[in-house]
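> Pasting the sequence and the predicted model now:
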Amino acid sequence: MHTRRERRVGKMSRILVTGSSGFIGSALAKSIARNTAYELVCLSRSPTGVPGATNLQGDFSDPNALHMLDSFEGIDILIHLAAVTGGCTEEDGLRVNVAGTHRLLRYLIDRGCRKFVLASSIAAVGMQSVDFRPLQLPMPDEHPCFDRDGYGFSKYMMEEVTRYLSRQNGFLDFINLRLASIAPDERQLTPAEPGPVPTWGMGKISVMFLSDTVRCLMAAAEAPFKPGVRILNAVGSQACAAVPVPELLRSWYGGDADAIDFSHYEQPGREKDPVYDISRIREELGFVPQQPILGD
């Protein structure tokens, strides 16, 4: 018996993008639609008018909306951007980002999809709180979750859903991208100055521009198939800081900063390296951010 994926050999790969009416999703969808190697399906709660795509309106967490996909022969790649975002209630975060994502993934797995790119977040570590302190710097891709506000926990639990599904089926490829704060390419960023630690502190200095984000998502979608679960930091190549990272974080954390090893940033040329380690995404996907954060 042939799977739907096997029956599509020789045809264009079909990509499903959720959240295609959003800031990132609309830019990504338009980019994919211009590529004749792909057939694009967009699913979003708000109307999406991407030329050359099949545009479906619905909530990915709603089983009835998912059944709009029943008529398709199969989805080859999912790029999952739809979510409730920072500032959501704990209940909404768990209902949509965790349970909803599980429902979406289960639906697609049962219909033969094997490759999944999911938009996680650098908030998964819990940096929204002024009480957050990193275990190490730069923070590794799988820095544990210390969230206490709900949103970061929901993204971390979404990653755990992919681990759970991977244990059930070892022939699935999951890439969870812990995305930075995303800015329009034309925005002039304001580097952080020393002072009291702000809410979302690490998010304010961990930025990536939209064009790099689209490239990053496509690098993940087009990466050679590799069964298992990958969690990869995806941030700009510099911290958006007016001073070296150690100086900024010492102003934020006071005496707590004494427990942090800043030796990475004491190397010449690394004083403003990102606070999230992005070496693995370069190794795994060949992705390197191109847009300079500090305009250098």
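Everything's here; your move. Residues are numbered from 1 along each chain as shown.

> going forward, measure contacts between C-alpha atoms and count neighbours the same way
OK.

> Which residues belonging to stretch 248-263 are considered buried?
Leu248, Leu249, Arg250, Ser251, Trp252, Tyr253, Ala257, Ile260, Phe262 (16 or more other Cα atoms under 10 Å).

> I'd like the mean pLDDT over the helix or strand harbouring the first one, please.
Right, Leu248. Element membership of Leu248, judged by DSSP states H and E, is helix 245-253. Mean pLDDT, helix 245-253: 98.

> any idea which helix or strand comes after that helix?
That would be, after helix 245-253 and using DSSP H and E, helix 279-285.

> Can you mark which positions in that following helix are buried?
Ser279, Arg280, Ile281, Leu285.

> Kindly format the C-alpha coordinates of that helix as PDB.
What follows is helix 279-285, C-alpha atoms only, in PDB (Å, rounded to 0.1, in the frame of the first residue of the first chain):
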ATOM      1  CA  SER A 279      26.300  28.000  16.100                       C
ATOM      2  CA  ARG A 280      24.200  24.900  15.800                       C
ATOM      3  CA  ILE A 281      21.600  26.400  13.400                       C
ATOM      4  CA  ARG A 282      24.600  27.200  11.100                       C
ATOM      5  CA  GLU A 283      25.900  23.700  11.300                       C
ATOM      6  CA  GLU A 284      22.400  22.000  10.900                       C
ATOM      7  CA  LEU A 285      20.800  24.300   8.300                       C
END
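
> Return the distance of it from the chain's centre.
14 Å (Cα atoms, centre = their mean, to the nearest Å).

> circling back: distance to Gln238 added to the buried residues of stretch 248-263, as CSV?
Below are those laid out as CSV (distance: Cα to Cα, whole Å):
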residue, distance to Gln238
Leu248, 14
Leu249, 15
Arg250, 18
Ser251, 19
Trp252, 18
Tyr253, 20
Ala257, 20
Ile260, 19
Phe262, 15
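
> bridging residues for Arg14?
Glu39 (DSSP bridges).

> ok, it to Val288 distance?
As judged by Cα to Cα, to the nearest Å, Arg14 and Val288 stand 26 Å apart.

> show me where pLDDT drops low in the stretch 101-250 of the chain?
Of all residues in the stretch 101-250 of the chain, none has pLDDT under 70.

> elements contacting the helix or strand where Arg106 lies?
Using DSSP H and E, the element containing Arg106 is helix 101-109. The contact analysis (3 or more Cα pairs under 8 Å, 6 or more residues apart in numbering; DSSP states H and E) places helix 101-109 against helix 63-66, helix 151-168.

> just to revisit the earlier point, who has more neighbours, Arg14 and Val288?
Neighbour count, other Cα atoms under 10 Å: between Arg14 and Val288, Arg14 has more, with 21 against 18.
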